[in-house]
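Enquirer: please work out how this folds:
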Amino acid sequence: MDTTSPAAFFTPFTSNSPYAPTSAELHQNQTTRNPNTQCNIDGASMRIPLAVFYTLFFLIGLAGNLLALWVFLRMQAKKTSVRVFLINVVLADLLLVICLPFRIVYHSSGNNWTLGPVMCRVVGHAFYMNMYISITLLGLISVDRYLKIHRSASRKRFMRGRWSYVACGVIWTMAIIITIALIGTTKKYEGEGKCFHYRKTCSAGLVFIKFSLVVLFWLVYALLVISYLKIGKMLQRVSKDKPDLPNAQKYKQTARKSFFVLFLFTVCFVPYHIVRVFYIVSQVSDTPCAWQDLADKANEAALLLSAFNSCLDPVMYFLLCSSIRRSTIGILRKLIRVPDAAVSSVSSSEMNRSMQKRPSLVAINAQSERMLIHVPAVGR
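Expert: Residues are numbered from 1 along each chain as shown. Below is the predicted model:
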């Protein structure tokens, strides 16, 4: 029979007791009971992959967007609304790419920030500012293309105006004002030498801005999906209604290209904004450390895809727009000094023979390309 006194079960553990919990166990139990306890989330396991990928994105994005900007500025063409939007997209991508070396140095040096908290906030907020400027401009381009293909007289007069300049000015002004406000009001990052890392937040204003940006993205994404679907259906219908046209197959290819652009936009931005909701909730609620660590890793991986879009935009300009493709090839030939007299004469003769056989080919190509969101009517 057990003679142990019941009171012994209520006797506090002493340091000499074999049943006394260790300090690590006490800390683990405290963290389990209070998930809001500060967790040690340093992201050390991802710093090398992040440094490598951001380095590649910086090199490719800088070269591609500088070339795209040069082509846009050198092209002797009417400054249409789409061309104005695309130039601003290129500028936003360039500014985003310029922020990447700070992240590269930070991750490659063991997640150690030496430029002070103010510079950390400047680089961090500028990165997101340019990402959302690019997203918003792509949404406006889709609206512009959708309205123009309906060929309404009132809409055409509206689209001929300088509304693209006004829209871009409003977007940049609002983005800069919000970014400056965030830089001035955001609290210092916790811990010395830390930046771009997970941290808890209790600022209602900051949380509101984060959720507002998520809502903005989904609104823009809805516009893109609706515009692309309508443009694609219209191109498919034209190809079916007029199968005897010499360029009927071109309409089908153009429709496929439109869905390809939407696919790239989905891959780059949708994962980040799905993860973003979970990430923000983990910052403001009592979340266990394991879930905070998962949110941090998922957010960093999805952010890589968003940054990758700055490298894909110049590729889309080149693949989907014949005028940009011709200008880019011409510039590259001049840079590497490849003699193209023979090539030009052969291409010219072939083009003349093709035009004699199919005189409406250029007009049909131009009309089909203008229906694409990323195929502006520039350089024509």
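Enquirer: in the stretch 201-350 of the chain, where is pLDDT below threshold?
Expert: Applying pLDDT under 70 to the stretch 201-350 of the chain flags the ranges 202, 236, 238-258, 320, 337-350.
Enquirer: for Ile280, see how far away Phe85 is.
Expert: Phe85 sits 29 Å away from Ile280, going by Cβ to Cβ, to the nearest Å. Using the backbone N, CA and C atoms, a C-beta is placed for each residue, glycine as well.
Enquirer: higher neighbour count, the two?
Expert: For Phe85 versus Ile280, the count of surrounding residues by other Cβ atoms under 10 Å is larger for Phe85: 25 against 19.
Enquirer: in terms of secondary structure, what does the strand or helix carrying the more buried one contact?
Expert: Using DSSP states H and E, Phe85 falls within helix 81-108. Counting contacts by 3 or more Cβ pairs under 8 Å, 6 or more residues apart in numbering; DSSP states H and E, helix 81-108 packs against helix 47-74, helix 116-149, helix 163-185, helix 289-320.
Enquirer: what is the rounded mean pLDDT of the shortest one?
Expert: When you say that, I think you mean helix 163-185. On average, the pLDDT along helix 163-185 is 89.
Enquirer: show me what counts as buried in it.
Expert: Ser164, Ala167, Cys168, Ile171, Trp172, Ala175, Ile178, Thr179, Leu182, Ile183 (16 or more other Cβ atoms under 10 Å).
Enquirer: ditto for the first one
Expert: Of all the residues in helix 47-74, those buried under the rule 16+ other Cβ under 10 Å are 47, 50-51, 53-55, 57-58, 60-62, 64-65, 67-69, 71-72.
Enquirer: who are the packing partners of it?
Expert: In terms of contacts (3+ Cβ pairs under 8 Å, 6+ apart), helix 47-74 is packed against helix 81-108, helix 289-320, helix 322-336.
Enquirer: any chance of these in TSV, plus distance to Val123?
Expert: TSV is the format used below for those (distance: least, Cβ to Cβ, whole Å):
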stretch	distance to Val123
helix 81-108	5
helix 289-320	13
helix 322-336	31
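Enquirer: can you say which of those helices is nearest to Gly205?
Expert: helix 289-320 (20.5 Å; Cβ to Cβ).
Enquirer: quick one, the closest one and helix 322-336 angle?
Expert: Counting by axes from the mean of the first three to the mean of the last three Cα atoms, to 10 degrees, helix 289-320 points 90 degrees away from the direction of helix 322-336.
Enquirer: got the angle for helix 289-320 vs helix 81-108?
Expert: Interaxial angle, helix 289-320 versus helix 81-108 (the same axes, to 10 degrees): 140 degrees.
Enquirer: contacts for stretch 299-307, please.
Expert: Residues from elsewhere that reach stretch 299-307, judged by Cβ atoms under 8 Å, 6 or more residues apart in numbering: 43, 46, 50, 53-54, 57, 61, 96, 100, 131, 198, 267-269, 271-272, 274-276, 279.
Enquirer: now those: which count as buried?
Expert: Buried among the contacts of stretch 299-307 by 16+ other Cβ under 10 Å: 43, 46, 50, 53-54, 57, 61, 96, 100, 131, 198, 268-269, 271-272, 275-276, 279.
Enquirer: before we move on, back to that, out of the helices and strands packed on helix 47-74, which is the most enclosed?
Expert: Scoring the helices and strands packed on helix 47-74 by mean neighbour count under mean count of other Cβ atoms under 10 Å gives helix 81-108 as the most buried, with a mean of 22.
Enquirer: tell me the secondary structure for the closest residue to Ile135 other than its chain neighbours?
Expert: What sits nearest to Ile135 in space, not counting adjacent residues and going by Cβ to Cβ, 6 or more residues apart in numbering, is Val220, at 5.5 Å. Counting by DSSP: H, G, I helix; E, B strand; the rest coil, the backbone at Val220 sits in helix.
Enquirer: next up, the contacts around Val220.
Expert: Val220 is in contact with Ile135, Thr136, Leu138, Gly139, counting by Cβ under 8 Å, 6+ apart.
Enquirer: and what of Val123?
Expert: Contact analysis of Val123 by Cβ under 8 Å, 6+ apart lists Cys99, Phe102, Arg103, Cys195.
Enquirer: re the thing from before, dump the buried residues of helix 163-185 into TSV; add distance to Leu262 as well.
Expert: Listed next are the buried residues of helix 163-185 as TSV, based on distance: Cβ to Cβ, whole Å:
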residue	distance to Leu262
Ser164	22
Ala167	22
Cys168	23
Ile171	22
Trp172	25
Ala175	24
Ile178	28
Thr179	28
Leu182	31
Ile183	34
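Enquirer: for the stretch 51-200 of the chain, which spans come out with low pLDDT?
Expert: If you take pLDDT under 70 as the line, the stretch 51-200 of the chain has these spans: 76-78, 149-161, 186-192.
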